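In: mind looking at a prediction? Sequence and model below.
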Amino acid sequence: MVITQELDLYQKLEILSDAAKYDVACTSSGVDRSGSGGGIGNCMAPGICHTFSADGRCISLLKILFTNECIFDCRYCINRRSNDTLRTSFTPEEICTLTMEFYRRNYIEGLFLSSGVLHTPEYTMNELYQTLYLLRRKYQFEGYIHVKVIPGAPDELVSRIGFLADRVSVNLELPTADGLKLLAPHKTRQRILEPMRQIQIMRQADKELLPIRKEEGERDGRLFLTERDEKRQDFMGISENEADSTKQLPKDFYQLQERCMKNSLSLRRLPRFVPAGQSTQMIVGATAESDFQIISVAESLYRKFDLKRVFYSAFVRVNEDSLLPDLPGGPPLKREHRLYQADWLMRYYGFEANELLSEKRPNFNSLLDPKCDWALAHLECFPVEVNRADYYTLLRVPGIGPKSARRIVQARRMGRLDFQDLKKAGVVLKRAVYFITCSGRQMYPLKMNEDFILHNLQSVQAGGGSHYAGPITYRQLSLFDQVG
Amino acid sequence: MNIFLCEDTIEGIFTAVYDAWASRLGHANVKLQVRGETMELFASCHEVETDISKAEKVARTIQREMGKKGWEQISRAALSTKQERADAIYRVLILALSAKKTTEEKQVSQSDKSRSSDRYGRDEMYRTYWTYRKKSADCLTQIQNPNVCLVMELARSVWNETHRYMGFVRFRELQGGILFSEIEPENHILPLLGAHFADRFPREAFLIADRTHREVLVHKADDLWRIIKDVPFEAGGFGNRKISGREAEFEHLWRGFCSSISIKERENPQLQRQLWPYKFRKWMTEGQNDW
């Protein structure tokens, strides 16, 4: 039964932020945009965390649903059609007021707007577009906006909204098409991937325009075009004919831009299309996929759809449903943590999905993080000589990350590095000692033996006290050990 | 050994750098100290009077010779509160300004300008988005040198604190639409915060009060930001005087939002405390316990 009553702003905010909390995307990063002087707001590339909620997650955006009414009946979702909850909806003006007043007081970096599906996907997307339009044009908001696209929304709305938002997401929900069919039969894989592809193509076209838009030394992502830029465009002969020659570009891309420009009030500059890129979200633990399947999906998303982030959300059992798994130990937080570690390895450390896991080993080791796990399985690559190895080999050492590796590579041009210098560079020596040498010497005489290193690494992770745990007194047995 | 004693501010340190260099006593015979440290035996002390024009000259030289990133590192290190920073900065400057520019560097900087790609793109894993373009700033990567290491650590800690405060500053609206905030930072981060917030809120009038150093950052609508020093502060904070009528409503909304956005099954107060220490919560509206 759907009851709609007139609620005040506080009650609406409580209900609609409570309904939005399972959308874990929280970053305000990816855009470096200075204020124009006439509006309010700017964006910082690394993003800013404004506060932390009781579950330890960062709050940097006003994360709300436009409405929690929904025509879909996805089994894992608290807003499903067959749930008996209080349903309500914001008006665009209310959202704008909240966003602007919170932003002025420095509570938030920007807005995160998602929605349940009201009437049809097209209707809901239009409502979201109206809100963003009001926020950008009338209130002159120049902060961060992250908007979720409803699967099944029409192309034109998606491209219009892309010119107003900084980051756009389409939720993948479940890693495989079978899982999706089981738990969310109204959403098909096709309808989720279509907007992703469209956004990817339009972002590619937008990047090609970047040289004429960005001036020397300027932070990127300007919201508007100046007269000088327009003259430059005429001078360079960029016209509608050029649009057809660019590969895979939708024919009416420039017409779309022109239409957007003409629809606006006092537009002086050409807006960028989704400058912070796209992201997506997967639920972990609701269906029986292995970790290997999940990170393979993530890898192909990064490569083929040019995604910026994939978020993994541990499944929380909010509905009583026979198709949802029982969670005796609570939500799978450790598994989610391992997946994020693997995601970082793929994006920043140059690992591939089949290096971390395989068909034979489809799930992560719960005792060791994936990087140490890989290092122990490939001891033939170690020890690495810090003064000679190249950047990517240094990245593979447990305890050395991109920043430390960069510092090492820059500092060793000036002279030999020693273990004390490595400590200053930010290398976690507790983990790295087993795998590196400086000028041919190890820090202490250590054995390159898998059991020995594993024993010490685990005591480091458990106690964190001294980094030499002494000789091995026992060996970790597993049910699958081959004895004899 | 000649010791130059300077004020504990960035202008003081740069004036001391100017004076020590211009004194022509020899770099090895000179040491910079911030006023208030214990004296050395058998050393002659020179008092340095802070002169803004000298400080500006030093600042311009650093910016020109070491580039934007080099200037960032040195200025952030100078904004910290550690006593040894004056001498460390002096030694680093000597190292930097004695490096010779080569023709190769000039060619490299020309080709850098034509690069138009995304600075944070994934296909540029090795592209150190933090490269120093000037050869003289390369000395800042020499972590084997203890002075360079100290400057790097101080710059990092100042920036980490600034970045956190960019999120943790909470404005309250006073009557008349003025936004007011109080913070208690360790380092002198008001100049860095001023640059950020003036860009973010060009049309708002705001004040950020630094209780530790008794300074206030003032920004009028559509104007430049300024810092006022030696402001008297009360122990209990500004309190609720002259708060605008709508302020209570928005604070209430924000607190409700913060509590409803958390997932109960994942509650982790230890993690929350690690990321959001108690010392920051004192001046933040959602950190108060009385609601």
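Out: Nice, I can see it.
In: can you pull the pLDDT of the nearest residue to B:E65 once chain neighbours are set aside?
Out: Once flanking residues are discounted, B:E65 sits nearest to B:S136: 5.1 Å by CB to CB, 6 or more residues apart in numbering or on different chains. C-betas here are computed from N, CA, C, even on glycine. Note on B:S136: pLDDT of 75.
In: surely B:S136 and B:I62 touch.
Out: No: taking contacts as CB atoms under 8 Å, B:S136 lies outside contact range of B:I62: 9.6 Å.
In: what backbone torsions are found at A:G415?
Out: With angles defined as degrees, to the nearest 10, A:G415 sits at phi 160, psi 170.
In: so who does it touch?
Out: Contacts here follow CB atoms under 8 Å, 6 or more residues apart in numbering or on different chains; on that basis A:G415 touches B:Q142, B:Q144.
In: ditto for B:H163
Out: B:H163 sits in contact with A:P46, A:I48, where contact means CB under 8 Å, 6+ apart.
In: part of a helix, is the residue nearest to B:E65?
Out: Yes: membership of B:S136 in a helix is supported by DSSP: H, G, I helix; E, B strand; the rest coil.
In: common neighbours of B:S136 and B:I62, please.
Out: If you check B:S136 and B:I62 against CB under 8 Å, 6+ apart, the residues they both contact are B:G70.
In: report how many residues lie close to A:S366.
Out: A:S366: 10 surrounding residues under other CB atoms under 10 Å in any protein chain shown.
In: quick check: it vs A:G329, distance?
Out: To A:G329, A:S366 is 12 Å away according to CB to CB, to the nearest Å.
In: repeat that for B:S23.
Out: B:S23 is 70 Å from A:G329, where distance means CB to CB.
In: more crowded one of these two?
Out: Higher neighbour count among B:S23 and A:G329: B:S23, with 13 against 8, using other CB under 10 Å.
In: so that one touches B:K31, yeah?
Out: No: taking contacts as CB under 8 Å, B:S23 lies outside contact range of B:K31: 12.0 Å.
In: what residues do those two have in common as contacts?
Out: Counting by CB under 8 Å, 6+ apart, the residues touching both B:S23 and B:K31 are B:N2, B:F4.
In: how many neighbours does B:Q274 have?
Out: 11.
In: wait, a helix at it?
Out: Yes: judged by three-state DSSP, B:Q274 forms part of a helix.
In: report pLDDT for it.
Out: The predicted local confidence for B:Q274 is 92.
In: look up how far chain A lies from it.
Out: 8 Å (CB to the nearest CB, to the nearest Å).
In: residue in the stretch 301-450 of chain A nearest to chain B?
Out: Chain B sits closest to A:Q410 of the stretch 301-450 of chain A, with a gap of 3.8 Å, by CB to the nearest CB.
In: pLDDT wise, what is residue 165 at?
Out: You didn't pick a chain, so chain A it is. pLDDT, read off for A:A165, is 93.
In: not quite, I wanted chain B
Out: According to the prediction, B:Y165 has pLDDT 96.
In: quick check: buried residues in the helix or strand A:I199 falls within?
Out: Using DSSP states H and E, A:I199 sits within helix A:189-208. By neighbour count, and taking 16 or more other CB atoms under 10 Å in any protein chain shown as the criterion, the buried residues in helix A:189-208 are A:189, A:192-196, A:198-203, A:205-207.
In: and chain B, which of those reach it?
Out: Of the residues in the buried residues of helix A:189-208, proximity to chain B by CB under 8 Å from any CB of the partner chain holds for A:K207.
In: now do the helices in chain B.
Out: For chain B, applying DSSP state H gives helices covering B:10-22, B:52-78, B:85-97, B:103-113, B:146-168, B:190-200, B:247-260, B:269-275, B:278-281.
In: what of the stretch 301-450 of chain A?
Out: A:333-348, A:353-356, A:370-377, A:391-395, A:402-411, A:419-425, A:429-432, A:450-462 (DSSP state H, counting those that start in this stretch).
In: just the buried residues of the longest one, please?
Out: Spelled out, it's helix A:333-348. A:L333, A:R335, A:E336, A:R338, A:L339, A:Q341, A:A342, A:D343, A:L345, A:M346, A:R347.
In: I figured the last one was touching A:Y302, is that so?
Out: Yes: with the criterion set as CB under 8 Å, A:R347 and A:Y302 qualify as a contacting pair; they are 7.0 Å apart.
In: just the strands in chain A please.
Out: Using DSSP state E, the strands of chain A run over residues A:51-52, A:58-59, A:61-65, A:110-114, A:144-148, A:167-169, A:278-284, A:309-314, A:384-385, A:436-437.
In: number of residues surrounding A:R81?
Out: 15.
In: closest residue of the stretch 51-200 of chain B to chain A?
Out: Closest residue of the stretch 51-200 of chain B to chain A, CB to the nearest CB: B:T141 (3.8 Å).
In: if I look at that residue, how far off is B:G245?
Out: 54 Å.
In: neighbour count: these two, which is higher?
Out: More crowded of B:T141 and B:G245, by other CB under 10 Å: B:T141, with 24 against 8.
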